[in-house]
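1. what would the 3D arrangement of this be:
(chains A and B)
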2 protein chains.
Amino acid sequence: MGTTTGGRQDAAGNAPAESADNENAGAVVDDATATAVERIADAAKAAAKVLARANRATKDAALRAIGTALVEHQDRILAANQRDLADADVNGVTASLKDRLRLTPERIAGLAAALENLASQPDPVGTVVRGQTLPNGLRLRQVHVPLGVVGAIYEARPNVTVDIAGLALKSGNAVILRGGTAAAHSNAALVELIGEALTGQGLPATAVQTIDAYGRAGANALMRARGRVDVLIPRGGRSLIQTVVRNAQVPVIETGEGNVHIYVDASADPETVTPIVLNAKTQRPSVCNTVETLLVHRDFAGLESVLRAAADAGVRLHVDERIAAALPADVPTQAATAEDWATEYMDLDLAVAAVDSMDAAIEHIDRYTTRHTEAILTNDLANAERFIAEVDAAAVLVNASTRFTDGGEFGLGAEVGISTQKMHARGPMGLTELTTTKWIVQGDGQVRA
Amino acid sequence: MGTTTGGRQDAAGNAPAESADNENAGAVVDDATATAVERIADAAKAAAKVLARANRATKDAALRAIGTALVEHQDRILAANQRDLADADVNGVTASLKDRLRLTPERIAGLAAALENLASQPDPVGTVVRGQTLPNGLRLRQVHVPLGVVGAIYEARPNVTVDIAGLALKSGNAVILRGGTAAAHSNAALVELIGEALTGQGLPATAVQTIDAYGRAGANALMRARGRVDVLIPRGGRSLIQTVVRNAQVPVIETGEGNVHIYVDASADPETVTPIVLNAKTQRPSVCNTVETLLVHRDFAGLESVLRAAADAGVRLHVDERIAAALPADVPTQAATAEDWATEYMDLDLAVAAVDSMDAAIEHIDRYTTRHTEAILTNDLANAERFIAEVDAAAVLVNASTRFTDGGEFGLGAEVGISTQKMHARGPMGLTELTTTKWIVQGDGQVRA
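-> From the prediction side, this is the model:
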């Protein structure tokens, strides 16, 4: 999980109709479900108090114990996963959904390795943000403390169950999980093993709970548990995330879409443009930091060679009329429609438009950006500075592949996802973003004048 | 504004029925209003781009020019204010509402002084949060940038118009204001003068706009302008804030209620307890960091002297049975009801309960706290440490008056309010909390392996 690229990849190649998104939308919450979820949230709150006081050694030992338990008892996990896979066959799901659902000994070993990596990360809890002694002698410090109870709503990838549980534990939070119904058996087995490992380390099993048994109504109750759940993290495709953002009454951390642009300035060096564009588009097309639209200055000299290389690498080019006119007939292209500029393909497709100036590029970006990652390739210092200043996105890159917007690449260690919102956290989110702060003020009788 | 105590004080002594809260609730948004507010928001966004690039000298000059304009043209402000006051007489509002509505030459001078103070504060924009050069040579830094467009919904205090406009400008944001209808003439005059001063400094007048003309529907349109408004700050009484929190589709910074407790430990020094309790209750009863409930350990030696001093200072004591039994008959008290423990009096009232242990005190706090400010008075080191660790609030104080939870007192300079939420900002909010961050990544051709 240290090197993932956010929730967006969970939906890789996954059309909404085949995803689990719609399970979470629109259901009414009956009183019995609301009460059950509230009881679970109250148990989580009690567990959160224990976790908030647990020191790093205790939490790291628990993470390692969970990793060991997953590997040692993988037969239980794989048997449960087989039941989900058999159900998937009955329900006739696509091969890609089935692949995301599948656990193997290798994937379980990967989960344990990710937990080990998490154990090696510094503990954000207790870190002092700032502090001073005031003129009246009050000693003041602001320290990071856990948020409390974290809710997670995600799709049919059982690995996310372990991923989120680990991140929550490390940052001292209790977690309530709502995974996709398609992975319910796998998730139940994983949560049971995690609970056993926690108990074995003297921590409450209620630190990691699932509400999968309560279906859609449970997810809705979780979204409405204002005051009981401190933050809700949706992980999955656009439809899932938007459903949670629109319906939640508890605070949401929105990880999101990346309709990522690269602007190729007139001054850009053609030698560096081709490898960057190829890397940004083809290295892992299904993730959120992949480039989706290329904006090319009309005076850029290397247009043909860049696009020919992209086409040779299997990229389908959706080009505007001026780009089409500038290319020889043997570079395969198709005409871009208005929709292309707003599309996050998550596949080997690239929209390409010509622009007359950097201002036109910035205007295009401003209209279509999801404010995730935007890049300029240039050798013009003033243009680089102006692009950095004027483009409003979580990450702005100069002369580098957009694929670098990632918690692992940025050196943040474990990553919760990539926030495209402006409040609380923006861009790759590490463990610290699963904390809040507390002001601690110590005096010896001070009163205010 | 540098030493205020948050939006809560706007509602000082103000029963919901006489406040402007209900103006903002429940109205339907007609298409014409929605379109008008969207147009205003789009103009604000354009202005925000200019402000985001304005350097500190420009912004400080604008703040000072506004202050000068307010003083020089105070006749226009006072004339508009007279119209609001005359309307208030016709509508038969209370004396306290009329007082909050009234502007005087002294109050206008105070607004100018607050703007001058704001100009003297450091600029949060451009501050580097963290940065490093990665192993692959990418230069990475995370810097503070303005949020963009700030919305403010508040009650009939025209000073808040200048206050919020100044805070937004200093932090590089454009602002859309929705004040109480009762102050509409005053607000219009103030916004006009601010616009003239901005234009005089080469900044767009649309950086500070009001939607007062659109009434309730305008406020509702503002709350729903997701994607156009980056953050909404409600300032006023509980009812206003809760209305905004419940109805807004844009992110809200919740400043809030303070049902503040002081726990007096068995080991507390009676000599320091009395002055702290008196200060916390009587220095300014109508604000959010005033103590509302005193929890006294049964073995604390100074109960009678503390409560006698409070009663002598005019504090009405709402006590439980054990406290009543422990006091001589000449200390005036009344029996506390269940409601008292949950009440933020904002007046010279204090609920008092006896507790058998610190655990019982923490349990009581956990049940009734609004997570604003909680204090322990003690000479027991272990108890102090445990109270700090276990009480979940924006600020936890040891042996000091709760009145210190304040941006000015904490040395943050100007204060937006006191956040009682855990996301984005917690506790006293300075200018930095009106910013977000941007990751800037500079390379020379790096691609991801």
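
2. tell me the residues on the stretch 1-150 of chain A that lie near chain B, please.
-> For the stretch 1-150 of chain A, the residues in contact with chain B (C-beta under 8 Å from any C-beta of the partner chain) are A:49, A:52-53, A:132, A:134, A:138, A:140, A:142, A:145, A:147-148. Just so you know, the C-beta spots here come from the backbone N, C-alpha and C atoms, and that holds for glycine as well.

3. please redo it, this time with the cut-off set to 10 Å
-> A:45, A:48-49, A:52-53, A:126, A:130, A:132, A:134-140, A:142-143, A:145-148 (C-beta under 10 Å from any C-beta of the partner chain).

4. and those residues, which of them are in helices?
-> Applying DSSP state H to these, the entries found in helices are A:45, A:48-49, A:52-53.

5. out of those, what pair is the most spread apart?
-> Spatial extent of those (C-beta to C-beta) is set by the pair A:45 and A:53 at 13.7 Å.

6. which of these two has more neighbours?
-> In this view residue A:45 and residue A:53 are compared by other C-beta atoms under 10 Å in any protein chain shown, and residue A:45 has more residues nearby, 19 against 14.

7. isn't the more buried one right up against residue B:366?
-> Yes: shown here, residue A:45 and residue B:366 form a contact pair, counting by C-beta atoms under 10 Å, at 9.4 Å.

8. mutual contacts of these two, please.
-> residue B:392 (C-beta atoms under 10 Å, 6 or more residues apart in numbering or on different chains).

9. the strands in the stretch 201-350 of chain A, which residues?
-> Assigned by DSSP state E, counting those that start in this stretch, the strands in the stretch 201-350 of chain A fall at A:208-210, A:231-235, A:260-264, A:291-297, A:316-319, A:334-335, A:349-355.

10. least confident of these, on average?
-> Of all the strands of the stretch 201-350 of chain A, mean pLDDT reaches its minimum on strand A:231-235 (a mean of 91).

11. that one and chain B in contact?
-> Yes: using C-beta under 10 Å from any C-beta, we find that strand A:231-235 touches chain B at residue A:231.

12. output that strand as CSV, nothing but the C-alphas.
-> C-alpha atoms of strand A:231-235 as CSV (Å, rounded to 0.1, in the frame of the first residue of the first chain):
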residue,chain,number,x,y,z
VAL,A,231,-14.4,10.7,8.9
LEU,A,232,-15.6,8.6,6.0
ILE,A,233,-13.2,7.5,3.3
PRO,A,234,-14.8,6.2,0.1
ARG,A,235,-12.4,4.1,-2.0
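
13. just give me how far it sits from the chain centre.
-> 9 Å (C-alpha atoms, centre = their mean, to the nearest Å).

14. check which helices and strands it is in contact with.
-> Applying 3 or more C-beta pairs under 10 Å, 6 or more residues apart in numbering or on different chains; DSSP states H and E, we find strand A:231-235 packed against strand A:149-154, helix A:158-170, strand A:174-178, helix A:215-223, helix A:238-247, strand A:417-419.

15. can you list these in JSON lines and add mean neighbour count?
-> Putting the helices and strands packed on strand A:231-235 into JSON lines (neighbours: other C-beta atoms under 10 Å in any protein chain shown) gives the following:
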{"stretch": "strand A:149-154", "mean neighbour count": "28"}
{"stretch": "helix A:158-170", "mean neighbour count": "27"}
{"stretch": "strand A:174-178", "mean neighbour count": "28"}
{"stretch": "helix A:215-223", "mean neighbour count": "24"}
{"stretch": "helix A:238-247", "mean neighbour count": "20"}
{"stretch": "strand A:417-419", "mean neighbour count": "28"}
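
16. dump the ones you listed to CSV, plus distance to residue B:98.
-> Output for those, formatted as CSV (distance: least, C-beta to C-beta, whole Å):
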stretch, distance to residue B:98
strand A:149-154, 45
helix A:158-170, 52
strand A:174-178, 49
helix A:215-223, 43
helix A:238-247, 42
strand A:417-419, 45
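
17. any buried residues in the helix or strand hosting residue A:191, and which?
-> Using DSSP states H and E, residue A:191 sits within helix A:184-200. By neighbour count on 16 or more other C-beta atoms under 10 Å in any protein chain shown, the buried set for helix A:184-200 is A:184-195, A:197-198.

18. chain center to it, what's the gap?
-> Relative to the centre of its chain, helix A:184-200 is centred 23 Å away, using C-alpha atoms, centre = their mean.

19. what mean pLDDT does it get?
-> Averaged across helix A:184-200, the pLDDT comes to 97.

20. for that helix, packing partners?
-> Using 3+ C-beta pairs under 10 Å, 6+ apart, helix A:184-200 is in contact with helix A:31-53, helix A:56-72, helix A:74-91, helix A:105-119, helix A:158-170, strand A:174-178, strand A:208-210.

21. again, 6 Å this time
-> Applying 3 or more C-beta pairs under 6 Å, 6 or more residues apart in numbering or on different chains; DSSP states H and E, one finds that helix A:184-200 contacts helix A:56-72, helix A:74-91, helix A:158-170, strand A:208-210.

22. what does it rub up against?
-> If you take C-beta atoms under 6 Å, 6 or more residues apart in numbering or on different chains as the criterion, helix A:184-200 is touched by A:62, A:65-66, A:69, A:73, A:76-77, A:80-81, A:83-84, A:158, A:161-162, A:165, A:179, A:205, A:207-208, A:210, A:212.

23. could you give the angle of that helix to helix A:158-170?
-> Per axes from the mean of the first three to the mean of the last three C-alpha atoms, to 10 degrees, the angle that helix A:184-200 makes with helix A:158-170 is 30 degrees.

24. angle of helix A:184-200 against helix A:105-119?
-> Using the same axes, to 10 degrees: helix A:184-200 against helix A:105-119 is 40 degrees.

25. mind splitting chain A into its structural domains?
-> Per automatic domain parsing, the structural domains of chain A span A:18-124+A:144-247, A:260-404.

26. how near is residue A:400 to residue B:85?
-> The gap separating residue A:400 from residue B:85 is 60 Å, by C-beta to C-beta, to the nearest Å.
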